[in-house]
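A.B. asks: Sequence plus the predicted model coming up.
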Amino acid sequence: MSEGHLRGRQVFFSIIKRDLMLAFRTPGQVVNPVAFYLMVASLFPLGIAPDKALLSQLAGGIVWIGALLAVLLSLDSLFRSDQEDGSLDQLLLSPHPLPLLALAKVAAHWLATGLALILTAPLLALMLHLPTQAFPALMLSLLLGTPLMSLVGGIGAALTVRVQRGGVLLTLLSLPLYVPVLIFGTGAVQSAVDGMEYTGHLLWLGALLMTGLCLAPLAIAASLRVVVDG
Amino acid sequence: MLKLVKLGCERDNRLLFTDLSIELLPGQLLQIEGANGSGKTTLLRVLAGLSSDYLGDICWRGEKLSGVYADFRLSTFYFGHKPAVKHELTPIENMHWRAGLRNEVRSEQQIRKALDQVDLAGFEEVPCGHLSAGQQRRVALADLSVTEARLWILDEPFTAIDVHGVAWLESVLLRHINDDGMVVITSHQRLRDISGQVRKIRLESFSGPVGSDHFADDEGAFL
């Protein structure tokens, strides 16, 4: 019997590796959110006006809202396939702490979608005439904001994992929690556009991210246990 | 080792079973029988710790389950209705992550040998989505020959398995209980090759009022 130490770090990375392999073998999982992101952001110039002065004012918000919606779109599948093929039961029965496994799942999700969105963001910002001095603020705020959105959305994904077509419910659950992230994220970009200091917003995002890193895995684990218990 | 004390379970206002008390010792196999919908899967999910909605107590090594979950999980192998095999991954990759979750480390050689035993030699590098339903279940069952778990909780493991696979599975079960392991299994299959150590309960006999003769005839077990 394997008494003694649990190889927590090993299982953490093996779950990340597994989920990344799954993501890249069904490329839609990575490509769809990025394509959605590009589409949403390019609707704005069409819908409002392709006016440079106007767009450069709106660019920060558009890029951020696009990223937020793209993350939401991709979150639905976070635990669903595990629930469908029975892997979720195995996760719950593992001797490893469930929050650790949940954190691994969220980390893999961020690596597969959040990172891709961050890399696409400069392209969109350029397209929307975001002033150059705001680029660092945009990138940094997304770097802090997207993992936070994955973490918070993970709670909603866990709660709706057994709901048929739970995507809308997931959106309704997660969007209110995304409001602070959006405010600080776009706040940072707007300050940078106006030539003001933006570290305050980033520090707030960082603090939220730390809180999320500590608490969200616990909430996700508890939600999964409750939902599967039925 | 595993002891159920007055276990009862209700779902959707229906009493599935009540007052179920039984102790499973090392080297024993408990076969749970019952009609469809009689609560076999629910009982196994309760036993595995997936469901906490039950009455009574479950004790593991003399202590209540809620206090010794970590040890219990290290000692348990659960095989559910859904085999927990990822379609996009190959059998080898699937066995790697499954072993990791159970806190076991398996070498590629051990895994290939286990897959060979379930007649999956030559399919090691094929994505599981391309395999048949029976083969996918074999990938999950291949874990039985490498796991260190003492208690196996198997929900209908014989489903979609061919004659040869059934013989293999019976031999693995026999080896496990001869090795002082424990098995709780639901199956409509009559476990022929295993003699002596099989105990059977019929779940329906626990759905009635307390006091009736609970244990089904053990005769069938000694064939």
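C.D. replies: Structure received.
A.B. asks: So which residue is dead centre in chain B?
C.D. replies: Here the mean C-alpha position of chain B is nearest to the C-alpha of residue B:154 (CA atoms, centre = their mean), at a distance of 1.6 Å.
A.B. asks: so how far is chain A from that residue?
C.D. replies: Between residue B:154 and chain A the computed distance is 13 Å (CB to the nearest CB, to the nearest Å). In short, each C-beta sits where N, CA and C put it, glycine included.
A.B. asks: Quick check, that residue in contact with residue B:185.
C.D. replies: Yes. Counting by CB atoms under 8 Å, residue B:154 touches residue B:185, with 4.6 Å between them.
A.B. asks: that older thread, so the residue nearest to the centre of chain B: helix, strand or coil?
C.D. replies: Classification of residue B:154 using DSSP: H, G, I helix; E, B strand; the rest coil returns strand.
A.B. asks: Just the closest residue of chain A to chain B, please.
C.D. replies: Of all residues in chain A, residue A:86 sits closest to chain B, at 2.9 Å by CB to the nearest CB.
A.B. asks: Please name the residues that touch that residue.
C.D. replies: B:80-84 (CB atoms under 8 Å, 6 or more residues apart in numbering or on different chains).
A.B. asks: Spatially nearest residue to it, not counting backbone neighbours?
C.D. replies: Distances taken as CB to CB, 6 or more residues apart in numbering or on different chains place residue B:82 nearest to residue A:86, at 2.9 Å, with adjacent residues excluded.
A.B. asks: Near chain B, which residues of chain A? Just list them.
C.D. replies: A:1-3, A:6-7, A:10-11, A:14-15, A:18, A:21-22, A:25-26, A:84-87, A:89-96, A:101, A:228-230 (CB under 8 Å from any CB of the partner chain).
A.B. asks: Buried ones from those, can you make that a PyMOL selection?
C.D. replies: Paste this into PyMOL to select the buried members of those, with burial taken from 16 or more other CB atoms under 10 Å in any protein chain shown:
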select buried, chain A and resi 6+11+14+15+18+21+22+85+86+87+89+90+91+92+93+94+95+96+101+228
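A.B. asks: Now, the residues of chain A next to chain B that are in helices?
C.D. replies: Cross-referencing those against helices under DSSP state H gives A:10-11, A:14-15, A:18, A:21-22, A:25, A:84-85, A:87, A:89-93, A:101, A:228-229.
A.B. asks: For the nearest residue to residue A:76 once chain neighbours are set aside, grab the count of nearby residues.
C.D. replies: Closest residue to residue A:76 apart from its sequence neighbours, by CB to CB, 6+ apart: residue A:167 at 4.6 Å. Neighbours of residue A:167 under the rule other CB atoms under 10 Å in any protein chain shown: 16.
A.B. asks: Need phi/psi at residue A:167.
C.D. replies: phi -60, psi -40 (degrees, to the nearest 10).
A.B. asks: Now the residue nearest to the spatial centre of chain A: which helix or strand?
C.D. replies: Nearest to the geometric centre of chain A sits residue A:150, at 3.0 Å (CA atoms, centre = their mean). Using DSSP states H and E, residue A:150 sits within helix A:135-159.
A.B. asks: That helix packs against which elements?
C.D. replies: If contacts are counted by 3 or more CB pairs under 8 Å, 6 or more residues apart in numbering or on different chains; DSSP states H and E, helix A:135-159 sits against helix A:52-75, helix A:77-85, helix A:98-109, helix A:115-127, helix A:167-193, helix A:199-229.
A.B. asks: show me where pLDDT drops low in the chain?
C.D. replies: No chain specified, so I'll use chain A. A:1-4, A:230 (pLDDT under 70).
A.B. asks: my bad, the chain I had in mind was chain B
C.D. replies: B:192-196, B:208-223.
A.B. asks: Could you work out the most separated pair of the contacts of residue A:86?
C.D. replies: B:81 and B:84 (10.0 Å; CB to CB).
A.B. asks: wait, isn't residue A:7 in contact with residue B:103?
C.D. replies: Yes. Using CB under 8 Å, residue A:7 is in contact with residue B:103, at 5.9 Å.
A.B. asks: so how far is residue B:186 from the residue nearest to the centre of chain B?
C.D. replies: 7 Å (CB to CB, to the nearest Å).
A.B. asks: Can you report how many residues neighbour residue 77?
C.D. replies: Because you didn't say which chain, this covers chain A. Neighbours of residue A:77 under the rule other CB under 10 Å: 19.
A.B. asks: switch to chain B, that's the one I care about
C.D. replies: The number of residues packed near residue B:77 is 22, by other CB under 10 Å.
A.B. asks: How about it, nearest residue that isn't a chain neighbour?
C.D. replies: That would be residue B:149: by CB to CB, 6+ apart, it lies 3.8 Å from residue B:77.
A.B. asks: I'd like the distance between that neighbour and residue B:143.
C.D. replies: Applying CB to CB to residue B:149 and residue B:143 gives a distance of 9 Å.
A.B. asks: Repeat that for residue A:140.
C.D. replies: Counting by CB to CB - residue A:140 and residue B:143 are separated by 45 Å.
A.B. asks: And those two? Which one has more around it.
C.D. replies: residue B:143 (24 against 21).
A.B. asks: buried set for the helix holding residue A:150?
C.D. replies: For helix A:135-159, by 16+ other CB under 10 Å, it's A:135, A:137-159.
A.B. asks: same thing with stretch A:190-200?
C.D. replies: Neighbour counts over stretch A:190-200 (16+ other CB under 10 Å) mark A:190-193, A:198 as buried.
A.B. asks: Check stretch B:32-51 too.
C.D. replies: Buried-residue list, stretch B:32-51, by 16+ other CB under 10 Å: B:32-34, B:38-51.
A.B. asks: biggest separation within the buried residues of stretch A:190-200, which pair?
C.D. replies: Across the buried residues of stretch A:190-200 (CB to CB), the longest gap, 9.3 Å, separates A:193 and A:198.
A.B. asks: which one of residue B:81 and residue B:84 has more residues nearby?
C.D. replies: residue B:84 (24 against 14).
A.B. asks: From residue A:156, how far off is residue A:143?
C.D. replies: 22 Å.
A.B. asks: now residue A:48
C.D. replies: 30 Å.
A.B. asks: With adjacent residues omitted, what lies nearest to residue B:11?
C.D. replies: The shortest distance from residue B:11 to any non-neighbouring residue, by CB to CB, 6+ apart, is to residue B:42 (6.3 Å).
A.B. asks: contacting residues around the one you found?
C.D. replies: Applying CB under 8 Å, 6+ apart to residue B:42 gives the contacts B:9, B:11, B:16, B:51.
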